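sequence and predicted model, in that order:
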Amino acid sequence: MSFSVAVFWLVILTFIPGLEARASLPFAFFNSDIRSVLGLPAAFAICFAVNIMIGVLTFWLMGPVVQIFRCWSFFDRYIWPRFERTQYKLHPYVEKYGEWGLALFIGVPLPGTGAYTGAFGAYLLGFDRRRFLLANLFGVIIAFIAISSLCVLIERGVVAEESLIRKVLIKESVH
């Protein structure tokens, strides 16, 4: 595998909504070709930079995209009011938790979270660019720590036959 092909696959996996770092980091970690061509630090740096870029691009594009959709009367009459109600309901939480709440939302590697949805939510909740950039940065850092830790635990065999966690969590019947 060449350098450019390795970078291509990491970028593509990171750009897929819903997967993002959840896919690209384990791919970089467990794929021997990626590890041999790029090395883990470079692969992680590429995934990190692309994940940050996803949030920034999505947040930046939300304004023009929403303006285009609001030109359609159906969107403006039926869909936009739902966004406004959601914004109104979530505003107290944003005021209370601010960037840290959004960073946790972006960083927790669960379905429906990540840079795309974090940027979309930040736009709807009225975050300014600086607040979103901080939340996005810390959220991606949280996601990278969580996913990297999980990859290391898997590589080290935490759930292997003789692991302590397996003995503690999985009770096997004695014959």
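Noted; the coordinates are in hand. Numbering: from 1, shown residues only.

which strands and helices sit next to the longest helix seen in the chain?
When the chain is scanned for its longest helix (criterion: DSSP state H), the result is helix 40-70. Counting by 3 or more Cβ pairs under 8 Å, 6 or more residues apart in numbering; DSSP states H and E, the packing neighbours recorded for helix 40-70 are helix 3-15, helix 21-30, helix 80-107, helix 115-124, helix 129-155. Heads up, the C-betas are built off the backbone N, CA and C, glycines and all.

quick one: mean pLDDT over the fourth one.
Going back to what we said before, that points to helix 115-124. The predicted model assigns helix 115-124 a mean pLDDT of 86.

next, the angle from it to helix 40-70.
Relative orientation of helix 115-124 with respect to helix 40-70: 40 degrees, computed using axes from the mean of the first three to the mean of the last three Cα atoms, to 10 degrees.

with the last one instead?
Orientation of helix 129-155 against helix 40-70 (the same axes, to 10 degrees) gives an angle of 140 degrees.

buried residues in helix 129-155?
Counting neighbours by 16 or more other Cβ atoms under 10 Å, one finds that the buried residues in helix 129-155 are 131-144, 146-148, 150-151.

quick one, what contacts the residue nearest the centre of the chain?
Of all residues in the chain, the one closest to the mean position by Cα atoms, centre = their mean is Gly114, 3.0 Å from it. With contact taken as Cβ atoms under 8 Å, 6 or more residues apart in numbering, Gly114 is in contact with Pro17, Gly18, Glu20, Ala21, Arg22, Ile106, Ala143.

same question for Phe120.
Shown in contact with Phe120 (Cβ under 8 Å, 6+ apart): Thr58, Met62.

what's the separation between it and Phe75?
In this structure, Phe120 and Phe75 are separated by 15 Å, where distance is defined by Cβ to Cβ, to the nearest Å.

swap in Val7?
In this structure, Val7 and Phe75 are 38 Å apart, going by Cβ to Cβ.

of the two, who's got more company?
The neighbour count for Val7 versus Phe75, taken as other Cβ atoms under 10 Å, is higher for Val7 (17 against 14).

wait, doesn't the more buried one sit right on Ala49?
No - using Cβ atoms under 8 Å, Val7 makes no contact with Ala49, being 10.7 Å away.

and the helices and strands packed on helix 40-70, which one is worst for confidence?
Across the helices and strands packed on helix 40-70, the stretch with the lowest average pLDDT is helix 80-107; it has a mean of 79.

packing partners for that helix?
Where contact means 3+ Cβ pairs under 8 Å, 6+ apart, helix 80-107 is packed against helix 40-70, helix 115-124, helix 129-155.

which residues does the residue nearest to Ala28 when sequence neighbours are not counted contact?
Counting by Cβ to Cβ, 6 or more residues apart in numbering, the nearest residue to Ala28 once its immediate chain neighbours are dropped is Ala43, at 3.7 Å. Counting by Cβ under 8 Å, 6+ apart, Ala43 touches Ala6, Leu10, Ala28, Phe29, Ile34, Arg35.
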